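1. coords please:
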Amino acid sequence: MKIATWNVNSVRARLPRLVPWLQERQPDVLCIQESKVEDDLFPREPLEDEGYNIEVHGEKTYNGVAILSRYPMEAVAKGFPDDPPDASRRALSCIVKDMMILNLYVPNGQALGHPKYVDKLAWLDRLRAYLDQSFDPREKVLVTGDFNITFDDRDVWDPEGMRDGIHCSRPERDKLAQVMQFGLADGLRHFHEEAGIYTWWHHRGMGFQRGQGMRIDHFLLSDAALRCCTDIVVDTGARKGRNTSDHAPVIATFAE
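-> Residues are numbered from 1 along each chain as shown. Reported below is the predicted structural model:
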């Protein structure tokens, strides 16, 4: 089974890229972030035509998450249990076969010390509480999406220049480590330890062409999920050309 994650930065704008990518890569499950569309306007038909069931949790203009699956999705949950009615749409979970999948779009944080940065750290505390309340680390648990956080210097093209900046600050990495203590491992690093593997590059300044990126899109796996995972790769080919997202999809493959 192939499970992919991709921050598409507007599913409607990216549809001409997304459909051919699905046809080529044939993922069984795709977790989408930044769909940027209300649920009733989500472009279902062209994706259903590719054989996918669809669950969405979106909002107008900003944020939004969705899961596409060739298999039935059970126990679908939208957001966190304690979300207020006006909460940003950032979390969507389901069970596919025996895999508990949680798709996340973690807040960006904007800048160190900004109120949105404080909110980001608090949101990560709520994520850990949600995992403790609703998931079992002894089961196959897969937490994926755009985390807007790097793990360490290997994930950043300019570690010295960015060490005290957003996505790389110590408080953010510490909060991510607390999430991992639920019983999760960084899936990609289980297979690939080298530096320079990125999932995001700024559109300005030819960041992709210059290799100036960060790895902020992750697969966090429980022991049971990791044992059946055979590889995790970044599909950098999807970042090439025109009308691309600033993120590349990441694909995890699992033995049935």
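2. any idea how far residue 97 is from residue 256?
-> Distance check for residue 256 against residue 97: by C-beta to C-beta, to the nearest Å, it reads 8 Å. For the C-beta atoms, the positions are set from N, CA and C on the backbone; glycine is no exception.
3. so what sits against both of these two?
-> Common neighbours of residue 256 and residue 97, counting by C-beta atoms under 8 Å, 6 or more residues apart in numbering, are residue 1.
4. When the two are compared, which one has more neighbours?
-> The neighbour comparison of residue 256 against residue 97 (other C-beta atoms under 10 Å) goes to residue 97, with 16 against 5.
5. so residue 226 makes contact with residue 190?
-> Yes - contact criterion C-beta atoms under 8 Å: residue 226 and residue 190 qualify, at 6.2 Å.
6. If you count surrounding residues, which of these two has more?
-> residue 226 (20 against 14).
7. ok, that one - contacts?
-> 185, 187, 190.
8. ok, how many other residues are close to the nearest residue to residue 202 once chain neighbours are set aside?
-> Distances taken as C-beta to C-beta, 6 or more residues apart in numbering place residue 246 nearest to residue 202, at 6.5 Å, with adjacent residues excluded. When neighbours are counted by other C-beta under 10 Å, residue 246 registers 18.
9. Ok, residue 46 next?
-> Residues near residue 46, counting by other C-beta under 10 Å: 13.
10. give me every residue that touches the residue nearest to residue 202.
-> 7, 9, 200-203 are the contacts of residue 246 under C-beta under 8 Å, 6+ apart.
11. Quick check: it vs residue 208, distance?
-> Distance of residue 246 to residue 208, computed by C-beta to C-beta: 8 Å.
12. Please apply the same query to residue 6.
-> 15 Å.
13. who wins for neighbours among the contacts of residue 246?
-> Neighbour max across the contacts of residue 246 (other C-beta under 10 Å) = residue 7, 26 neighbours.
14. if we can go back for a sec, with distance to residue 89 and secondary structure added, can I get the contacts of residue 246 in JSON lines?
-> Output for these, formatted as JSON lines (distance: C-beta to C-beta, whole Å; DSSP: H, G, I helix; E, B strand; the rest coil):
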{"residue": "7", "distance to residue 89": "14", "secondary structure": "strand"}
{"residue": "9", "distance to residue 89": "15", "secondary structure": "coil"}
{"residue": "200", "distance to residue 89": "20", "secondary structure": "strand"}
{"residue": "201", "distance to residue 89": "25", "secondary structure": "strand"}
{"residue": "202", "distance to residue 89": "24", "secondary structure": "coil"}
{"residue": "203", "distance to residue 89": "24", "secondary structure": "coil"}
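15. Of those residues, which is the nearest to residue 78?
-> residue 7 (18.3 Å; C-beta to C-beta).
16. measure the closest one to residue 107 for me?
-> Distance, residue 7 to residue 107, by C-beta to C-beta: 13 Å.
17. which residues of the chain fall in helices?
-> Counting by DSSP state H, the chain has helices at residues 11-25, 44-48, 115-134, 159-162, 170-180, 187-191, 223-227.
18. which other helices and strands contact the longest one?
-> Pointing back at helix 115-134 there. Using 3 or more C-beta pairs under 8 Å, 6 or more residues apart in numbering; DSSP states H and E, the elements in contact with helix 115-134 are strand 91-96, helix 170-180.
19. and of these, who's closest to residue 159?
-> That would be, of these and by C-beta to C-beta, helix 170-180, which comes in at 12.3 Å.
20. buried residues in that closest one?
-> Buried residues in helix 170-180, defined by neighbour count with 16 or more other C-beta atoms under 10 Å: 172-173, 175-176, 179-180.
21. Pick the one among the residues you listed closest to residue 58.
-> Among these, and counting by C-beta to C-beta, the member closest to residue 58 is residue 179, at 23.5 Å.
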